[in-house]
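Trainee: the sequence and its predicted three-dimensional model are supplied below.
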Amino acid sequence: MQVAKNLISHSLSPLYSKEEIESITKLIFEKVLGLTRLQVYLNQHEIISAANLAQIKEILNRLSHFEPIQYILGETEFYGLKFIVNQAVLIPRPETEELVEWIVNDFKNLSPKILDIGTGSGCIPISLLKNLPEALAEAWDISSEALDVAKLNASLNQVDIGFCYADVLNSVFPENQKLYDIIVSNPPYVTQSEQSQMLKNVTDYEPDMALFIRDSDPLVFYRLIADIACSRLKTDGNLYFEINERFGNEVVELLKSKGFSNVVLKKDINGKDRMVKAGLKSS
Ligand code: GLN
């Protein structure tokens, strides 16, 4: 066990921080050996099999190319739940957990109908359904690979969601008359000019389609999704967005100009403008 621990810290210390190495080590032991941190500690003098050691070396090799540990292990945790992830979907972020928390608090003990636009791994509607047991949810995405992952995650977490292909930029979405209490979206919001400041593990591995928008029209998804919400949100429903911290005021103004009321901008745990909520009621 100690041999493996030393191997991990030795090969990762030039590339990763002490905290990152600690959490990666914990994840590797959990996944490869099925052991918790305490079990690792209690069994530290046990010998690891050659097969397990080879598996750990393969993981370290991929980490040395900055592949995210979540993709290597094929899973991650979000809002206390397990999610399958691969390169077709964005790795769920802690900011998005804060968005989910906001919605869960607003709709506690209610039975809202939810639509998530650009669902990716499905982390938003799945964690909402787990925490609002009377709710119903639908989720759209342009990527059929992402929808496949989201469907796996819905069954892994034992919730029912109606998944649909949709292409918001080209106005392709289900032409039904359904109305929702909650429309939520974490659309692509990183401008291409911000791409150069991002880490290799994001830009080389995560899906561009889920991340980037053109500098010339950074609010394109917000505008189009706000239009969808204008016709598909119930009068007392809410629209929720995750946003780029640089565009808080612009998103607020955009929503006001489209007739939304009670527009609230909220910061994330790092003090950055990260979420917006808006309603349609005129009061
Ligand atoms: N928060 C993500 C990041 O900075 C971006 C998510 C998104 O574009 N919706 O990597």
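Mentor: Okay, I see it.

Trainee: and the strands in the stretch 51-200 of the chain?
Mentor: Ranges of strands within the stretch 51-200 of the chain are 75-78, 81-84, 113-117, 136-141, 161-165, 180-185, 190-191, based on DSSP state E, counting those that start in this stretch.

Trainee: who wins for proximity to Leu219 among these?
Mentor: Proximity to Leu219 (CB to CB) singles out strand 190-191 among the strands of the stretch 51-200 of the chain, at 10.5 Å. For every residue, glycine as well, the C-beta is placed using N, CA and C.

Trainee: report all helices and strands that that closest one contacts.
Mentor: strand 212-213 (3 or more CB pairs under 8 Å, 6 or more residues apart in numbering; DSSP states H and E).

Trainee: any residue of the strand it packs on touching the ligand?
Mentor: No - if you take CB under 6 Å from any ligand atom as the test, strand 212-213 misses the ligand, and the best it gets is 7.4 Å.

Trainee: quick one: that strand to chain centroid distance?
Mentor: With CA atoms, centre = their mean, to the nearest Å as the basis, strand 212-213 stands 16 Å off its chain's centre.

Trainee: strand partners (parallel or antiparallel) of it?
Mentor: Paired neighbours of strand 212-213 in the sheet (DSSP bridges): strand 190-191 (parallel).

Trainee: contact partners of the partner strand?
Mentor: Here strand 190-191 makes contact (CB atoms under 8 Å, 6 or more residues apart in numbering) with Met198, Leu211, Phe212, Ile213, Arg214, Asp215, Pro218, Asn244.

Trainee: now the helices for the stretch 101-250 of the chain?
Mentor: 123-131, 144-156, 200-203, 208-211, 220-232, 248-257 (DSSP state H, counting those that start in this stretch).

Trainee: any idea which of these gets closest to the ligand?
Mentor: Nearest of those to the ligand, taken as CB to the nearest ligand atom: helix 208-211 at 4.6 Å.

Trainee: check which residues of the closest one are buried.
Mentor: Going by neighbour count (16 or more other CB atoms under 10 Å), the buried part of helix 208-211 is Ala210, Leu211.

Trainee: hmm, it in reach of the ligand?
Mentor: Yes - residues of helix 208-211 are located near the ligand by CB under 6 Å from any ligand atom, namely Leu211.

Trainee: show me where pLDDT drops low in the stretch 101-250 of the chain?
Mentor: For the stretch 101-250 of the chain, applying pLDDT under 70 flags no range at all.

Trainee: up against the ligand, what does it have?
Mentor: Asn186, Pro187, Pro188, Tyr189, Val190, Val202, Leu211.

Trainee: could you check how many residues crowd around the fifth one?
Mentor: To tie it back to what came earlier, the one meant is Val190. Residues near Val190, counting by other CB atoms under 10 Å, number 19.

Trainee: ok, back up a step: list only buried entries from the contacts of strand 190-191.
Mentor: Here, 16+ other CB under 10 Å leaves Leu211, Phe212, Ile213, Pro218, Asn244 buried among the contacts of strand 190-191.

Trainee: and the third one, what are its bridge partners?
Mentor: This means Ile213. On the basis of DSSP bridges, Ile213 is bridged to Thr191.

Trainee: still on that earlier bit, just the buried ones from the residues of the stretch 101-250 of the chain next to the ligand, in PyMOL syntax?
Mentor: In PyMOL, this line selects whichever of those come out buried by 16+ other CB under 10 Å:
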select buried, resi 186+187+188+189+190+211
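
Trainee: which one of the helices of the stretch 101-250 of the chain is the most hemmed in?
Mentor: helix 123-131 (a mean of 25; mean count of other CB atoms under 10 Å).
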